[in-house]
Every structure is written in C-alpha cells, then in structure tokens.
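Visitor: okay, sequence plus prediction incoming.
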Amino acid sequence: MFEKIKLWVVLILAFFLILYTVPLNSIYSHLNYLFYSKKDLRIQLNMVNPQIKLLSADTSNKLVFKIEVRDKKGEPVSKAHVALEVNNNIGALYPQNARTDKDGELIVSYIPPAASAIKFNDRQNVNVSIKASIYNSDISSSVDFSLTRVPLVFVHGYQEVPEIFSNMKEYLSSKGYECSAIDYRSKDGVVASSKYLSDYLQKQKMTYLTKGMQVGKFDILSHSMGGLVTRYYTSSDNYIRINNINKVIFISVPHKGSHLAPLGASYIQDQGLKDLFPDNELITKTLPGMLNEGLNYHIQVGSILGQFDEVVTTNSASLDDWDIKTEIFNVGENNFTMDNILNGYIMKAPNHNLILNNKKVFVEIEKMLNTELPYPSQKK
C-alpha cells in the first residue's frame, strides 16, 4: 500500500514539474496535434536555396532544408512529428526526427560524407534523395540533388602561368574533377599573392553557385612557390575565419628555400625571388611564427617531389617536422653536371616543371585526392 502511495506521489510531482518547466501552450500544441487526422495533413520539403543542384562532398558543406506542415485548410500545424531519411544512408541529417515550431516549420541540415568515402564512377556524380514524412504515415515530400567531388584549384610557382598545369588539368578533368587555376603576380611575393589566393577562392565559390553548385572547401594543388603562398594563406588569421580548404598537395615546394634563388639575384630584384632565398625572413621567421609553424593542422596534406629537381632539394621539400611523408618520383635525368652549371643550363630547371607532365605523378595525385591524407602533427 505504501509503495502505491509513493508511486502516486512521484507521478503527481512529475506532472507538476512538467507544468512548471514546459510552457502551457507547448503542452496544448502537443495535445492538439494528437487529435489531428494524419490524412488531413500536408508536408512540404524545400531547399532553403532552391538553385542548388550539386553539392561538393565535404562534411563541412551542409545543405539546409525547410519543412512546412499544414492542415487541409492551409493552417500551420505546430508540434507535428516529422521523420527524415536519406537514400542508402549517403550522409546524415540533423535532426533525424523532430517537431515543427509554432509556425508549422522545421529547419534541417544535410551533412554530406567526405569525398573519399564515396565511390564516384568515372565522371558520374552520386544522386541523393532526402525524404520528409509525417511520422507513422505515408504522407511525405522529397528533394533530389547530386554529390560531386571537391573542386580543385592549381597554384603555380614563381614566374609561371596557369597553363603550366594544362596536362595535369586535362587528366584530372577526365576523371570528373572540376578544375581551375589562379594567375597571380608571383613577383609581388608570397604575402601579397596569398591575398589574391583568398580572393580567388571566394570568387570561385560564387561562380560555382551561379551554376547551381554549392562548394564549401577546395582541394589545392600547389607547385613550387605556390606552395609557400598556400602555406601563408592557410596559416594566417584571415584563413581561420574563412576556412575553405580541404586538402593541399604540395608539388616540388621549397619549404626551406631554393639554392638557385640567390643565383638569380644579379638579374632580378623582386619580392617573389627574395622570398625563395633559404635565409629570407619569410622562411626563417614569418612562417615559423604562424599557426602550427606555418602548416595548418586542420588541413590534410600530401607532398610530392621529383628525384632530380634542380630547384628544390629533398631537404627543402621535406615536411618531416610535421610527420608528413614526401613521395619521390623519378622524372627526367640528373642535370647536375659541371658543364650544365657553367653554361647556365641548370638555371632552366627542366625537371622542376617536368613533374607536372608525368603520368605516374598524375595517378598518384588522383589517388591522394580519393583517399584521406594525414594531418600535420601539432607543434607545441
């Protein structure tokens, strides 16, 4: 008998606690919804931005939907229980089950999987269907769109042009990647060029959006000085606010400077060349004083170097300090002979650019783009 009395006391206390903590209008809305005939309800699922047809596959690139539930008179239905699902569990929805607000509306986010978790077939995108249903009913509404690969941006090196990536771009485009390349004034130096890279990526987002593609982040392929430009940008205070790069693949980048740069100082005196000196302030002080000593640990990183690169030594290209391995490729021949040094041939550095036209390198880069790359270790 005592146990029954205690149970009733607990139930009564719980009831009054609910009345105290939950607004009466909310309780009324719940009760009101229970008496609705589900067959008289209507549900509509729409993208907040209806122009989106393509979504690049990175987990930060959320797609937002609005759900509306109304009765047969067109009146909004609050506290309507809505269930959501995505075909084949491609990505995730948040929340998966929820109730409409006082206006009969509900905001839902779709979180795509990482591109490396999706099996893209050649140039084909992956179709996604989002379905919203009145819970425990067959009343539903659906929206379809497609997932695509993270777009690529090429960043050229000192005194180069975007066309230097033509063969690599053609190869990766044939595999279904959206590719573009920036053209910046390398002679202005790394700091000024990083501002251009920032502006370019923002403009690219808007360009893709006009084509119906929502892009959150980019994958960057940077060659030579372009790698220093990318490092400076991604380690800057400005980047922390923008946060728009998924992974970076460095190709023959002189992280510790180039021994050939001082040789050109007799003919060229611009900031770009000065930034490539092994003992210049950018490399010895500026980058080491930035986020994680100049290599953002929130961004996946890959590194590639040609075995006989005339501009970048193995030591200069190394990212061992951040536990990132550099893949070495045998492209071209060893040009370091006394005759080539004396006649100036070594200054033409054919192997330094030849790596951008090598099929083995193309295949390795495609592999890097299709898999999760390591993140740089964090410096104390």
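Guide: Good, I have the coordinates.

Visitor: local confidence estimate at the closest residue in space to Pro278 that isn't next to it in sequence?
Guide: Of all residues not flanking Pro278 in the chain, Gly257 sits nearest, at 3.3 Å (Cβ to Cβ, 6 or more residues apart in numbering). (Each C-beta comes from the backbone N, C-alpha and C, glycine too.) You'll see Gly257 listed with a pLDDT of 94.

Visitor: tell me how many other residues crowd Gly257.
Guide: Each residue near Gly257 was counted by other Cβ atoms under 10 Å, and the total is 21.

Visitor: so what's it up against?
Guide: Gly257 sits next to 276-280, 283, 316 when contact means Cβ atoms under 8 Å, 6 or more residues apart in numbering.

Visitor: can I assume Thr207 sits in a strand?
Guide: No: assigned with DSSP: H, G, I helix; E, B strand; the rest coil, Thr207 falls outside any strand and is helix.

Visitor: tell me the pLDDT of it.
Guide: Thr207 carries a pLDDT value of 96.

Visitor: which SS class is the residue nearest to Pro278?
Guide: Relying on three-state DSSP, one would call Gly257 coil.

Visitor: on that earlier part again, Throw the contacts of Gly257 into CSV and include neighbour count, thanks.
Guide: Converted to CSV, the contacts of Gly257 look like this (neighbours: other Cβ atoms under 10 Å):
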residue, neighbour count
Leu276, 29
Phe277, 19
Pro278, 15
Asp279, 9
Asn280, 19
Ile283, 21
Ser316, 20
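
Visitor: closest to Arg241 out of these?
Guide: Using Cβ to Cβ, Ile283 is the member of the contacts of Gly257 that lies nearest Arg241, at 25.2 Å.

Visitor: quickly run through the sheet partners of the helix or strand encompassing Asp219, with directions.
Guide: For Asp219, the element it lies in under DSSP states H and E is strand 218-223. Partner strands and pairing direction for strand 218-223 (DSSP bridges) are strand 152-155 (parallel), strand 245-251 (parallel).

Visitor: which stretch among the ones you listed comes nearest Leu263?
Guide: Of all the strands paired with strand 218-223, it is strand 245-251 that lies closest to Leu263, at 22.2 Å by Cβ to Cβ.

Visitor: next SSE after that closest one?
Guide: That would be, after strand 245-251 and using DSSP H and E, helix 271-274.

Visitor: using CSV, write out every CA atom in that following helix.
Guide: Extracted in CSV, the C-alpha atoms of helix 271-274 (Å, rounded to 0.1, in the frame of the first residue of the first chain):
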residue,chain,number,x,y,z
GLN,A,271,60.0,40.3,-53.7
GLY,A,272,59.0,36.9,-55.2
LEU,A,273,62.6,35.9,-55.7
LYS,A,274,63.7,37.2,-52.4
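
Visitor: and the gap between the residue nearest to Pro278 and Met47?
Guide: Separation of Gly257 from Met47 (Cβ to Cβ, to the nearest Å): 48 Å.

Visitor: quick one: low-confidence parts of the stretch 201-350 of the chain?
Guide: Scanning the stretch 201-350 of the chain for pLDDT under 70 picks out the ranges 264-267, 332-350.

Visitor: wait, what's in contact with Ser141?
Guide: Ser141 makes contact with 43-45, 67, 131-132, according to Cβ under 8 Å, 6+ apart.

Visitor: now render those as TSV, adding pLDDT and neighbour count.
Guide: Compiled in TSV, the contacts of Ser141 are given as follows (pLDDT from 0 to 100; neighbours: other Cβ atoms under 10 Å):
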residue	pLDDT	neighbour count
Ile43	95	21
Gln44	97	14
Leu45	97	20
Ile67	97	20
Lys131	96	16
Ala132	96	24
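
Visitor: so of these, which ones are in strands?
Guide: Within these, residues falling in strands by DSSP state E are 43-45, 67, 131-132.

Visitor: double-check that Arg241 belongs to a helix.
Guide: Yes: counting by three-state DSSP, Arg241 is part of a helix.

Visitor: begin at 14 from here
Guide: Okay, using 14 as the starting number, the last item reads as Arg254.

Visitor: CA atoms only: put the helix or strand where Lys216 lies into PDB for me.
Guide: For Lys216, the host element (DSSP H and E) is helix 203-223. In PDB, the C-alpha atoms belonging to helix 203-223 read as follows (Å, rounded to 0.1, in the frame of the first residue of the first chain):
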ATOM      1  CA  VAL A 203      54.200  35.300 -51.100                       C
ATOM      2  CA  VAL A 204      52.300  37.600 -48.700                       C
ATOM      3  CA  ALA A 205      50.700  39.700 -51.500                       C
ATOM      4  CA  SER A 206      50.000  36.600 -53.500                       C
ATOM      5  CA  SER A 207      48.200  34.900 -50.600                       C
ATOM      6  CA  LYS A 208      45.700  37.700 -50.600                       C
ATOM      7  CA  TYR A 209      45.000  37.000 -54.200                       C
ATOM      8  CA  LEU A 210      44.500  33.300 -53.500                       C
ATOM      9  CA  SER A 211      42.000  34.200 -50.800                       C
ATOM     10  CA  ASP A 212      40.000  36.500 -53.100                       C
ATOM     11  CA  TYR A 213      40.100  34.000 -55.900                       C
ATOM     12  CA  LEU A 214      38.700  31.200 -53.800                       C
ATOM     13  CA  GLN A 215      35.800  33.400 -52.600                       C
ATOM     14  CA  LYS A 216      35.000  34.400 -56.200                       C
ATOM     15  CA  GLN A 217      35.200  30.700 -57.300                       C
ATOM     16  CA  LYS A 218      32.500  29.800 -54.700                       C
ATOM     17  CA  MET A 219      30.200  32.400 -56.100                       C
ATOM     18  CA  THR A 220      30.900  31.300 -59.700                       C
ATOM     19  CA  TYR A 221      30.000  27.700 -58.800                       C
ATOM     20  CA  LEU A 222      26.900  28.900 -57.000                       C
ATOM     21  CA  THR A 223      25.600  30.600 -60.200                       C
END
